[in-house]
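Engineer: sequence and predicted structure below; questions after.
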Amino acid sequence: MDQITGHKPLTGFTVLKYVLLFIPAFIYFHYVNKDAVNIPWQDDYDAVLRFLTDYKAASFSDKLSLLFLQHNEHRIFSSRLVYVVYNFLFGYINFRHLIFIADSQVAFIFLIIVSLIKKLLPDNWFLPSLAASMCLFDINNWENANFAMAGMQNYGVIFLCCLSIWLYTKYKKAFIALAVLCQAICMFSSGNGIVASAFVAAFTILSKNRVKAICGTLTFLVSAPLYFLHYNSPASGHPATDMGKIIPYFLDLFGSHVIFNNDKLQMIVGFILVVALIFFQPVTKKLKIKDGTLPLLCVLGFLVSSMVVTAIFRCNVPGIPANSSRYLIYSNFVVALLFVFIVYRLKNRLFKGLVTLPYIVMLMVGYNMNVNHNKLVFDNMRSALLTTPYYYPDQEVAKRIATQACLQKIYCIEDHRQGK
């Protein structure tokens, strides 16, 4: 260790570790770069183009209202803020650029998680960080990876939750002020933003810092009622009450990182992972949270709770299976955090090796399978977007939205349909 800086010197082995950590990120962004196109699809028409045409024509007070206006059952303030800022800076919208902005949030999530892992496991941080890299940058999550609106929202709420918790771990007032801002924005960034903000508030309370607890709790208590101000319940997507549907959907989603397209096996794997999560959770028999684990535990609580909410609100909706690509970021992330807690809880060196080695091998095999399977999905999606007039349920509606966006010089689809 350097006696002046207090840091360990950078060795060739350490550099190799960091190179290995970022290989999944390189592969992930390789496929995004290869196949992402500047063409909207599905919710991009409503959440980006229709919103911006309305925003451009609105008065100042209406512009503010539009930022918080519902998109289906969600409020997507943070996503809309990005669209507005991008359009203001460049004078147009480029969906390929929005995809990269959305995906950059995964990189920041990864950096935050690695920093928390290194703090918790200073001598054993590498394998858990490698697991996090393979899980977070898994292209089984292709729908978020290559779909501007989906990635902006689904990655955004996780990023804001992790960032808020990370900022609350700091002690300077400036960090706490930024944490409050991120927590408030997170609340309005998705339907499960409320869940995220609740776990951020729980983190501040359990951290036993009075200032942080007051800030985190007040932010949640003030923001939560505002989320439902002038809220309109959507025609579809009402919460289910049938546990015979909710539990299988939840277990399917839980096991979908390890196996997919086989509901029975997904449920079995999901059940095993739930049991493992309960067994290895870093809480004592007296319900005391073990030192240093609180930030990651609260992130885990948010992820699992989001999967529960997803099961409740989606199990009755036709055509939305538990292993829909847009939801896999949650099961991917949970599997990574489970490995962190396994490494943390196992003290016996031999037993730790017997458990962690097969786990890492399982993740590597699964990651390789997901790459081989989903790289074709990237190619097929690119081809579909370049050849389909309007990739949207109602093509006449999409055409009207696209025409209006072009008239307002926001985006002209005809300029990009053939990959120009």
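Structural biologist: Structure's in. What do you need? Numbering: from 1, shown residues only.

Engineer: surely Pro389 is in contact with Glu396?
Structural biologist: No: with contacts defined as CB atoms under 8 Å, Pro389 does not count as touching Glu396, sitting 10.4 Å away. No exception for glycine: its C-beta is placed from N, CA and C like everyone else's.

Engineer: and the nearest residue to Cys186 once chain neighbours are set aside, how many neighbours does it have?
Structural biologist: Here the nearest residue to Cys186 in space, its sequence neighbours aside, is Leu160; by CB to CB, 6 or more residues apart in numbering that works out to 3.7 Å. Using other CB atoms under 10 Å, Leu160 has 27 neighbouring residues.

Engineer: what do you get for Val211?
Structural biologist: Here the count is done by other CB under 10 Å, and Val211 has 11 residues near it.

Engineer: hmm, Ala179 and it touching each other?
Structural biologist: No: using CB under 8 Å, Val211 and Ala179 do not qualify as a contacting pair, with a distance of 10.9 Å.

Engineer: who touches both of those two?
Structural biologist: When CB atoms under 8 Å, 6 or more residues apart in numbering defines a contact, no residue borders Val211 and Ala179 alike.

Engineer: just to revisit the earlier point, what about the residue nearest to Cys186, distance to Ser223?
Structural biologist: The spacing between Leu160 and Ser223, counted by CB to CB, to the nearest Å, is 12 Å.

Engineer: can you list residues touching both of these two?
Structural biologist: Overlap between the contact sets of Leu160 and Ser223, as judged by CB under 8 Å, 6+ apart, is given by Gln183.

Engineer: just to check, the residue nearest to Cys186 is in contact with Ser79?
Structural biologist: No: the pair Leu160 and Ser79 does not pass the contact test of CB under 8 Å, sitting 10.9 Å apart.

Engineer: what touches both of these two?
Structural biologist: When contacts are counted by CB under 8 Å, 6+ apart, Leu160 and Ser79 have Ser189 as shared neighbours.

Engineer: flag every buried residue along the host helix or strand of Arg400.
Structural biologist: With the criterion set as DSSP states H and E, the secondary-structure element containing Arg400 is helix 395-407. Of the residues in helix 395-407, those buried under the neighbour-count criterion (16 or more other CB atoms under 10 Å) are Ala398, Ile401, Ala402, Gln404, Ala405, Cys406.

Engineer: could those go into a markdown table alongside pLDDT and distance to Lys56?
Structural biologist: Listed next are the buried residues of helix 395-407 as a markdown table, based on pLDDT from 0 to 100; distance: CB to CB, whole Å:
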| residue | pLDDT | distance to Lys56 |
| --- | --- | --- |
| Ala398 | 94 | 19 |
| Ile401 | 95 | 13 |
| Ala402 | 94 | 15 |
| Gln404 | 95 | 10 |
| Ala405 | 95 | 9 |
| Cys406 | 95 | 13 |
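
Engineer: which of those residues lies closest to Leu167?
Structural biologist: Nearest to Leu167 among these: Ala405, at 36.1 Å, using CB to CB.

Engineer: next, Val283: phi, psi?
Structural biologist: With angles defined as degrees, to the nearest 10, Val283 shows backbone torsions of phi -130, psi 130.

Engineer: got a list of what it touches?
Structural biologist: For Val283, the residues meeting the contact criterion (CB under 8 Å, 6+ apart) are Ile289, Lys290, Leu297.

Engineer: ok, of those residues, which one's closest to Gly91?
Structural biologist: The shortest gap between Gly91 and any of the contacts of Val283 belongs to Leu297, at 44.8 Å (CB to CB).

Engineer: state the distance from the closest one to Phe110.
Structural biologist: As for Leu297, its distance to Phe110 is 18 Å (criterion: CB to CB).

Engineer: how about the strands in the protein?
Structural biologist: Shown for the chain, the strands assigned by DSSP state E span residues 70-71, 74-75.

Engineer: then stretch 27-43 to CSV, C-alphas only?
Structural biologist: Taking C-alpha atoms only, stretch 27-43 is exported to CSV below (Å, rounded to 0.1, in the frame of the first residue of the first chain):
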residue,chain,number,x,y,z
ILE,A,27,-20.6,-6.9,-25.5
TYR,A,28,-23.9,-5.3,-24.5
PHE,A,29,-23.1,-1.9,-26.1
HIS,A,30,-21.6,-3.7,-29.1
TYR,A,31,-25.0,-5.2,-30.0
VAL,A,32,-26.8,-1.9,-29.2
ASN,A,33,-24.4,0.0,-31.4
LYS,A,34,-24.8,-2.5,-34.2
ASP,A,35,-28.6,-2.7,-34.3
ALA,A,36,-30.1,0.4,-32.7
VAL,A,37,-31.8,2.6,-35.3
ASN,A,38,-33.2,6.1,-35.3
ILE,A,39,-36.8,4.9,-35.6
PRO,A,40,-39.5,4.9,-32.9
TRP,A,41,-41.5,1.8,-32.0
GLN,A,42,-44.5,1.1,-29.7
ASP,A,43,-44.6,3.6,-26.8
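
Engineer: chain center to it, what's the gap?
Structural biologist: Stretch 27-43 has its C-alpha centroid displaced from the chain centroid by 17 Å (CA atoms, centre = their mean, to the nearest Å).

Engineer: for the remainder of this discussion, apply numbering that starts at 52.
Structural biologist: OK, 52 is where the count begins now, so the last one is stretch 78-94.

Engineer: select the longest helix from the protein.
Structural biologist: Residue-count comparison of every helix in the chain, with assignments taken from DSSP state H, identifies helix 400-438 as the longest.
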